[in-house]
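Engineer: sequence and predicted structure below; questions after.
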Amino acid sequence: MVPTRLHNTHPALRRCWHPVARSNEVTDAPVRTVLLGEPLVLFRSGETVSCFVDRCPHRRAPLSIGTCDGGTLQCAYHGWRFANDGRCVEIPALGPDAAVPSRARLTPVAQVAERSGMVFVAPDPPIAPLGHIAESEDPAYAVGELPPIRARASIGLLADNFLDMAHFPFVHAGTFGADEAAEVERYEVTREPWSFVARREHPFANREDPGVAEGLRPLVQSRRLTYRLDAPFHLQLRIDFVETGGTNVIGFFLQPETDETCRIYSTLWRNDLGGDPDAMAAAIKFELEVLEEDLRIQGAYDQLVLPLDTSAEIHTRSDRSTLELRRLLADLVAEAAR
Ligand code: FES
Ligand SMILES: [Fe+2]
């Protein structure tokens, strides 16, 4: 059957990678996170991050209110202790020499990975590979992490919004949009099986360039935008400033918690700030204002779903990337059902 729309906890999303925490949120104390309507517990032992369903196999108490010690996780209720591979290694009520039943195991997720300062989880074996941001491993780039934001929003619509190029003068008039042209020139979208890239180069007023006041460069300069989506919702926008040579990358990662809520992680990688922490703090503040402008629209939707049936909405040539989003996600849902 052709899927018609995607809600935040669509079962096909179990076969995908999702962000579940920032790396610095996962320490040697257990932490709870919610993915696709299911509570998970995360904890760290050395370099390894472990993730299990947040429910003890004994009496189903949440493990996230327990404690960690020496790479093991101990349930707060009856003290059962679990190794970081999920095996139960101690049941205090049975005494020190008792055999532990082999069924006493935590329920694991299929895969866990740490990348770009985030922890990602695939609940079931993933169809598509985990996305990658090359600049996140390049020491020439300074990193700025926005605080994670919980929002009442559809992850599909948020991804649509991140890729959308026609809303800037309307939604972002209070930040960067006032100078933006409404017209979107033709641009190319290149699809691979589980990702796509949209590239566009366009003129813009570079008010941040001190070289303009010094007469070194014109106010109107060129900006190259490279949007990339890796399925399902691993997004990046690379902005190359053609005349001044700087590069900004915005990473945008969406955690589907429930049908009503999601958690948004956004990270900046910039090679044009000369290591100035105040400049990065200002960039983070500005990006938060931009995100709030977007969330004002996203939070107002009554139906928190992304239509995958492309006849359900009107598309124009300025919507090529967001049309590709619908096609790619429809392919993903179909693949998961196979
Ligand atoms: S509920 Fe976890 S040890 Fe009993
Ligand atoms: Fe926006």
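Structural biologist: Cool, got the structure. Ligands and ions are numbered 1, 2, ... in the order given.
Engineer: you'd agree Arg14 is up against Asp124?
Structural biologist: Yes: Arg14 is in contact with Asp124 according to C-beta atoms under 8 Å; the separation is 4.4 Å. C-beta: built from backbone N, CA, C; applies to glycine.
Engineer: which one's more surrounded, those two?
Structural biologist: Shown here are Arg14 and Asp124; by other C-beta atoms under 10 Å, Arg14 has more neighbours (19 against 15).
Engineer: now do the SS call for that one.
Structural biologist: helix (DSSP: H, G, I helix; E, B strand; the rest coil).
Engineer: residues contacting it?
Structural biologist: With contacts defined as C-beta atoms under 8 Å, 6 or more residues apart in numbering, the neighbours of Arg14 are 36, 123-124, 336.
Engineer: repeat the analysis, applying 6 Å as the threshold.
Structural biologist: 123-124 (C-beta atoms under 6 Å, 6 or more residues apart in numbering).
Engineer: domain assignment for this structure?
Structural biologist: Residue ranges for the domains of the chain, per automatic domain parsing: 23-112, 134-337.
Engineer: now mean neighbour count too, for those domains, in JSON lines please.
Structural biologist: As requested, those are exported to JSON lines (neighbours: other C-beta atoms under 10 Å):
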{"stretch": "domain 23-112", "mean neighbour count": "16"}
{"stretch": "domain 134-337", "mean neighbour count": "17"}
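Engineer: now mean pLDDT and distance to ligand 1 too, for those domains, in TSV please.
Structural biologist: Formatted as TSV, those follow (pLDDT from 0 to 100; distance: least, C-beta to the nearest ligand atom, whole Å):
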stretch	mean pLDDT	distance to ligand 1
domain 23-112	96	3
domain 134-337	95	24
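Engineer: of those, which approaches His10 most closely?
Structural biologist: For His10, the closest of the domains of the chain is domain 134-337, at 6.8 Å, according to C-beta to C-beta.
Engineer: picking that back up, quick one: closest of the domains of the chain to Arg5.
Structural biologist: The nearest among the domains of the chain, by C-beta to C-beta, is domain 134-337 at 4.4 Å.
Engineer: start to end distance for the closest one?
Structural biologist: Start and end residues of domain 134-337 are separated by 32 Å (C-alpha to C-alpha, to the nearest Å).
Engineer: over to stretch 44-63?
Structural biologist: The straight-line separation of the ends of stretch 44-63 (C-alpha to C-alpha) is 14 Å.
Engineer: over to stretch 176-190?
Structural biologist: Separation of the first and last residues of stretch 176-190 by C-alpha to C-alpha is 27 Å.
Engineer: just the helices in the stretch 1-150 of the chain please.
Structural biologist: Assigned by DSSP state H, counting those that start in this stretch, the helices in the stretch 1-150 of the chain number zero.
Engineer: repeat for the stretch 151-300 of the chain
Structural biologist: Along the stretch 151-300 of the chain, the segments classed as helices by DSSP H, counting those that start in this stretch run 155-163, 168-171, 210-213, 277-298.
Engineer: output the contacting helices and strands for the helix or strand following the last one.
Structural biologist: Per DSSP states H and E, the first helix or strand lying C-terminal to helix 277-298 is strand 305-307. Here strand 305-307 touches strand 5-7, going by 3 or more C-beta pairs under 6 Å, 6 or more residues apart in numbering; DSSP states H and E.
Engineer: same thing but 7 Å
Structural biologist: Identification of packing neighbours for strand 305-307 by 3 or more C-beta pairs under 7 Å, 6 or more residues apart in numbering; DSSP states H and E yields strand 5-7, helix 155-163.
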